[in-house]
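Visitor: Let's see this in three dimensions:
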Amino acid sequence: MRDLQSTLGKSESEAQRLNMVRNGVFVPKHEEEEAIDRYLKENQYPPDPLSFLELCTYNTWFQIHPEKVCGEEVFTSSRDFPITIKGNRETIEKTIRSSLGKNNVSTLELEALALELELQLLNL
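Guide: Numbers count the residues shown, from 1 in each chain. Modelled structure (predicted):
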C-alpha cells in the first residue's frame with residue numbers, strides 16, 4: 001500500500017483516489033501497474049483458486065467476468081460504493097442473451113427461463 005501511496009501522490013484530490021485503491025477499485029488514468037507488479041514480485045501467493053470470500057470482496061468477480069456486467073461501470077465519490085452500474089432494461093436483456101449464447105431470444109423465453117431457475121432455487 002505504501003508503494004501505491006508514493007506512486008499516486010498525496011494531494012487532496014489524490015486522497016480520494018487512494019481510498020478507492022485501498023478499497024480495491026483502480027481508477028482509470030493511474031499508472032499503478034508498476035507498483036502492483038513490484039508488490040506481486042516481492043510476495044508469494046499460493047496457486048489455489050479464490051475462496052468465496054475473495055470472489056465476493058471488492059469487484060473481483062466482475063473483473064473476472066466482465067461479460068456479466070449489465071451496463072457501464074461508473075466511478076462515484078461514495079466511499080462504500082465507489083463503482084455503480086449505469087444501464088437500462090435493453091442492456092440487461094442484451095447481456096443475458098449473449099450469456100445464453102442466443103441472439104434471438106424473446107422476452108417471454110427469458111421470463112420462462114427465469115421462472116424455471118427460480119423454481120429450481122426453491123427446491124434446493
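Visitor: immediately after the least confident helix or strand in the chain by mean pLDDT, which helix or strand?
Guide: Within the chain, no helix or strand scores below helix 2-8, which has a mean of 53 by mean pLDDT, DSSP states H and E. Downstream of helix 2-8, the next assigned helix or strand under DSSP states H and E is helix 12-22.
Visitor: Can you give me the buried ones in that following helix?
Guide: Within helix 12-22, the residues that count as buried by 16 or more other CB atoms under 10 Å are 17-18, 20-21. Just so you know, the C-beta spots here come from the backbone N, C-alpha and C atoms, and that holds for glycine as well.
Visitor: in the protein, which spans are helices?
Guide: For the chain, applying DSSP state H gives helices covering 2-8, 12-22, 33-42, 52-56, 60-64, 89-100, 107-122.
Visitor: Of those, which shows the lowest average pLDDT?
Guide: Lowest mean pLDDT within the helices of the chain: helix 2-8, at a mean of 53.
Visitor: who's in contact with stretch 54-66?
Guide: Here stretch 54-66 makes contact (CB atoms under 8 Å, 6 or more residues apart in numbering) with 23-25, 50, 68-69, 73, 83.
Visitor: Please, a PyMOL command that selects the buried ones among these?
Guide: Here is the PyMOL command that selects the buried residues among the contacts of stretch 54-66 (16+ other CB under 10 Å):
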select buried, resi 25+69+83
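Visitor: In strands only, show me the contacts of stretch 54-66.
Guide: Among these, DSSP state E puts 73, 83 in strands.
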